[in-house]
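Novice: No letters, just coordinates:
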């Protein structure tokens, strides 16, 4: 299964509060909103880069698998990153920043 990692674009390091649908929320609360469910359920989950917002901030997607099946999601992540050239995109982004 592939699901979003965050409900917002990647926040800047100095951002403490974000606006979601007119509601101000602390960044630390938002960062774990979509990830902690997998900690509690024991499902294997891995975040991978899925692209960039405004050509500068990464957006992630979580790959979720069966309990104790980390090998499958690691293989899927490797194939995805290789097919989409994610490591090259990340390096070029870091050079521009």
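Specialist: Received, thanks. As the structure is a computational prediction, the values presented were derived from the model and not from experiment.

Novice: can you name the farthest residue from the center of this structure?
Specialist: In the chain, the residue that sits farthest from the middle, by C-alpha atoms, centre = their mean, is residue 22; the gap is 23.0 Å.

Novice: Show me which residues of the helix or strand containing residue 64 are buried.
Specialist: Using DSSP states H and E, the element containing residue 64 is strand 57-67. Residues of strand 57-67 classed as buried: 58, 60-65 (neighbour count, 16 or more other C-beta atoms under 10 Å). No exception for glycine: its C-beta is placed from N, CA and C like everyone else's.

Novice: just curious, which of the residues you listed is nearest to residue 33?
Specialist: residue 62 (11.9 Å; C-beta to C-beta).

Novice: show me what contacts the closest one?
Specialist: Residues near residue 62 by C-beta atoms under 8 Å, 6 or more residues apart in numbering: 2-5, 34-35, 38, 45-48.

Novice: please redo it, this time with the cut-off set to 7 Å
Specialist: Residues in contact with residue 62 (C-beta atoms under 7 Å, 6 or more residues apart in numbering) are 3, 5, 35, 45-47.

Novice: ok, now residue 63?
Specialist: By C-beta under 7 Å, 6+ apart, residue 63 lies in contact with 2, 45-46, 48, 73, 76-77.
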